[in-house]
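**Q** Got a sequence here, can you build the structure:
(2 chains)
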Amino acid sequence: MPAEAKTEPTATRAGYGDALADLGEEHQDVVALDADLASSTQAIKFGKKFPDRFFNVGAAEANMMSMACGLAATGKVPYCSTFAIFASGRAYDQVRLGIAHNELKVRIGASHGGVSLGEDGASHQMIEDIALMRAMPRMTVVVPADYNQAYRATAESYERDEPMYMRFGRPATPIVYEDIPKTLGGGVDVVREGKDISLIATGHMVWRAMEAAESLEAEDGVEAEVLNVSIIKPLHSETILESLGKTGVGVTAEEHRVAGGLADAVRQVAAEQHPVPIFAVGMGDEFGLSGTGEACMEHFGLTARGIADRAREALVLKPIVSRPPLFGPEWT
Amino acid sequence: MALNANLAAVRHLTPVPDPKPPPRLAERGAAQPSIAELERWATVLRVDCVRMLAVAKSGHLDSSLSAADILTALYYRVLRHDPDNPDWRARDRFVLCKGHAAPIQYAALAQHGYFPLEDLMGLRQIGAQLQGHPDMQRTPGIEVSTGSLGQGLSMCLGIALALRLDDLDETAQVFGVLSDGDCQEGQTWEAATAAVHFGVPNITAIVDYNHLQTDGTTEEVMDIGDMRAKFEAFGWDTVEIDGHDMEQVVEALERSRTVRKPAAIIAQTTKGKGVSTMEGRFGFHGKAAVSPEFAAEALEELTSRLEEQTKALQAARDEG
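**A** Residues are numbered from 1 along each chain as shown, chains lettered A, B, ... in the order given. You can find the predicted model right below:
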């Protein structure tokens, strides 16, 4: 594979587009569909190389998803791209019945997820797609942290059989993985080791969690562990529980509603198996706003500082809540 | 399949194998089933539907009956399919876009040996392979799962494009049967637009236009109007037929194969066709209309028709 790792900030959607074009080279059964956003989603890179295997359906996302069902049922491996808002919200029923229910090998490349798409505002800022797709039976949900991991996620998706929803972002974001990772593995990577608190992040929030960890170390002497959750469903709980077991307190961070998102996924695992305080950074019961992508992230507290502040609050609770049980062996 | 209480109570309804089974594709060849034979088979499938629904005590009998003649023409004559090799790559594809008419497709599949006839009696029971709406994961012979109106034609288009990429579009035709409700869904028109845009030569959409839906007539609920003019305006080759006139149905289906662009067949039909107390009457859709008494009455009508049709065929053969 001719993939070259990026070192400068690059959008995750570019990783999708580059990997998709490379997949087209290697596999004749790969087809791509887009709904008049191919330049934005970067599926155009595939479309230019393989015009006969590329179907631009115009502004008709429902039709695109059901077409993908027909293509996959007839032996093709469709990659469908559009904005996350349309991929998950507008075409939910089409994805549900035609793709997830049938367990077809269709990949949904949902670009421009979250509020960081910026100026287009609330109508386009999808902040509940992870919740929708997590709730959908048989659907795998992938949110890569940077270009390099987005490239791997897309390339690796061909090797897997289950339906997949992959979320990408609009802005160029800093690189987390120096090289293109060899695999997504279980989908939870410890990208920075620490012992005091677990910062559990996904997508665009991973590099911000890394920055938060640095500031916590510099300003508070706190050693934060940073986890990148690139596969939110099915969630590889072992790595998360291992980290929480070590640190005893956590903060989740996502560019998405806290309800139904990564926060809920992590808290669910922790509540059942290792209940410790877990604070959340994410969107509350609110819609996005117009502004530059970065201004939107700032406005909703989706920043390194936002994560660090929540971590400090969580750390206050840690000695109170996370101490050994009152009547445990330590007290006898 | 384990007997259940429903089945035990209506055991006399269990389907019996048709003494004249459908011909295999290889056997068809020069001797295509005649119109009279197809008409008789349509009655066989209608009988199966009534029996299934009587046992299941739920489902859409009226919608199944309105599509009976179209599905008979497809499965017994027009479709190139092979029950012994259901994954044959070059087969024609059939998609029941109006997935709620599943019983009629199940009957056709069972009569062709895709699964045992007895399995029809498991319809809509927990754990059965015959779900309320077609499920490709569970039922042999189902190409794609349907049941959410409006999605089927898009699925047909995806299949047709895949066949084109595999150089099979010259031989393999994709047939989809749509309902009034399908045509009320906007997505159907997205697909109608795209099929022409992509220049798909091997797609046939049959609209089972029975003018009745859950809340009333289509004219009252949401009038879809002149379907022929609409499909024509979208650039489709379009014909309008009587969807219960077997000769017209067969002719239109076979002709659509020769039309090298998307082809629509507007089939004017009667909901509940074949069971006179149900024909064209509102109020049956999705209701548990198939009480034991209703089933007995309907079966009496259908089986006496079947006897007449069988006798007439025998007489014709004896004369010939």
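**Q** By proximity to chain A, which residue of chain B wins?
**A** Proximity of chain B to chain A (CB to the nearest CB) peaks at residue B:158, 2.3 Å away. (Glycine included, C-beta is placed from N, CA and C.)
**Q** list the contacts for the residue lying closest to that residue once chain neighbours are set aside?
**A** Once flanking residues are discounted, residue B:158 sits nearest to residue A:70: 2.3 Å by CB to CB, 6 or more residues apart in numbering or on different chains. Neighbouring residues of residue A:70 by CB atoms under 8 Å, 6 or more residues apart in numbering or on different chains: B:144, B:154-162.
**Q** at 10 Å instead, please
**A** A:76, A:78, A:98, A:104, B:93, B:95, B:143-144, B:151-163, B:174, B:176, B:191 (CB atoms under 10 Å, 6 or more residues apart in numbering or on different chains).
**Q** Any residues of the stretch 101-250 of chain A in contact with chain B? List them.
**A** Residues of the stretch 101-250 of chain A lying close to chain B (CB under 10 Å from any CB of the partner chain) are A:101-104, A:106.
**Q** Quote the end-to-end distance of stretch A:86-98.
**A** One end of stretch A:86-98 to the other measures 16 Å (CA to CA, to the nearest Å).
**Q** now do stretch B:233-250
**A** End-to-end for stretch B:233-250, by CA to CA: 24 Å.
**Q** now swap in stretch A:282-289 and tell me
**A** End to end - CA to CA - stretch A:282-289 spans 15 Å.
**Q** Could you pull out the buried residues of that stretch?
**A** Across stretch A:282-289, burial judged by 16 or more other CB atoms under 10 Å in any protein chain shown covers A:282-283, A:288.
**Q** Who wins on neighbours among the residues of the stretch 101-250 of chain A next to chain B?
**A** Neighbour counts for those peak at residue A:106, which has 27 neighbours (criterion: other CB atoms under 10 Å in any protein chain shown).
**Q** quick one: contacts for that residue?
**A** A:33, A:65, A:68-69, A:71-73, A:76-80, A:95, A:98-100, A:162-165, B:158.
**Q** Got a quick PyMOL command for the buried subset of those residues?
**A** In PyMOL syntax, the buried subset of the contacts of residue A:106 is picked out as below (16+ other CB under 10 Å):
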select buried, (chain A and resi 33+65+68+69+71+72+73+76+77+78+79+80+95+98+99+100+163+164+165) or (chain B and resi 158)
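**Q** so of the contacts of residue A:106, which ones are in strands?
**A** Taking DSSP state E, the ones among the contacts of residue A:106 that sit in strands are A:33, A:77-80, A:164-165.
**Q** Return the closest of these with respect to chain B.
**A** Nearest to chain B, judged by CB to the nearest CB, of these is residue A:78 at 7.8 Å.
**Q** That closest one contacts residue A:67, doesn't it?
**A** Yes. Contact criterion CB atoms under 10 Å: residue A:78 and residue A:67 qualify, at 7.8 Å.
**Q** Overlap of the contact sets of the two?
**A** With CB under 10 Å, 6+ apart, residue A:78 and residue A:67 have common neighbours A:31, A:33, A:55, B:158, B:161-162.
**Q** Who are the contact partners of residue A:126?
**A** By CB under 10 Å, 6+ apart, residue A:126 lies in contact with A:83-89, A:110-115, A:117, A:132, A:167, A:255-257, A:288.
**Q** Contact partners for residue 262?
**A** Since you didn't name a chain, this refers to chain A. Listed by CB under 10 Å, 6+ apart, the contact partners of residue A:262 are A:130-131, A:134, A:141, A:143, A:200-203, A:205, A:229, A:232, A:235, A:252-256, A:280-282.
**Q** that answer is for a different chain, and I need it for chain B
**A** Residue B:262 makes contact with B:153, B:156-157, B:160, B:174, B:191-192, B:194-196, B:198-205, B:231, B:234-238, B:256, according to CB under 10 Å, 6+ apart.
**Q** Find the nearest non-adjacent residue to it, please.
**A** Counting by CB to CB, 6+ apart, residue B:262 lies nearest to residue B:195, which is 4.3 Å off, once chain neighbours are set aside.
**Q** so what's the backbone phi/psi at that neighbour?
**A** Phi and psi for residue B:195, reported as degrees, to the nearest 10, are phi -60, psi -40.
**Q** Quick check: it vs residue B:170, distance?
**A** Note on residue B:195: its distance to residue B:170, by CB to CB, to the nearest Å, is 17 Å.
**Q** Return the per-residue confidence for the residue of the stretch 101-250 of chain A found nearest chain B.
**A** Taking CB to the nearest CB, chain B has its nearest neighbour within the stretch 101-250 of chain A at residue A:102, 5.3 Å off. Looking at residue A:102, its pLDDT reads 96.
**Q** wait, isn't it in contact with residue A:73?
**A** Yes. Using CB under 10 Å, residue A:102 is in contact with residue A:73, at 7.0 Å.
**Q** tell me, what's touching those two both at once?
**A** B:136, B:142, B:144-145, B:155.
**Q** What about those residues, which are in helices?
**A** Those of the shared contacts of residue A:102 and residue A:73 mapping onto helices are residue B:155, per DSSP state H.
**Q** can you give me the helices in chain A?
**A** A:12-26, A:38-41, A:44-49, A:61-73, A:84, A:92-94, A:129-135, A:147-157, A:205-220, A:237-247, A:262-273, A:293-299, A:304-321.
**Q** how about low-confidence regions in chain A?
**A** For chain A, the stretches with pLDDT under 70 are A:1-2, A:321-332.
**Q** got the domain boundaries for it?
**A** Listed domain ranges for chain A are A:12-167, A:188-319 (source: automatic domain parsing).
**Q** Quick one: residues contacting the residue lying closest to residue A:20 once chain neighbours are set aside.
**A** Nearest-residue entry for residue A:20: residue A:46, 4.7 Å, with adjacent residues in sequence omitted and distances by CB to CB, 6+ apart. The neighbourhood of residue A:46, defined by CB under 10 Å, 6+ apart, consists of A:16-25, A:30-32, A:34, A:38, A:53-54, A:79, A:81.
**Q** Kindly report the same for residue A:131.
**A** So residue A:131 contacts A:88, A:141, A:232, A:256-262, A:264-265 (CB under 10 Å, 6+ apart).
**Q** Could you rerun that using 6 Å?
**A** By CB atoms under 6 Å, 6 or more residues apart in numbering or on different chains, the contact list for residue A:131 reads A:260-261.
**Q** One more: the one 10 residues further on?
**A** Residue A:141 sits next to A:133-134, A:165, A:232-233 when contact means CB under 6 Å, 6+ apart.
**Q** and with 8 Å instead?
**A** Here residue A:141 is in contact with A:130, A:133-134, A:164-165, A:167, A:231-233 (CB under 8 Å, 6+ apart).
**Q** of all of the stretch 1-150 of chain A, which residue lies closest to chain B?
**A** residue A:70 (2.3 Å).
**Q** Just name the closest of the shared contacts of residue A:78 and residue A:67 to residue A:172, please.
**A** When these are compared for distance to residue A:172 (CB to CB), residue A:33 wins out at 25.4 Å.
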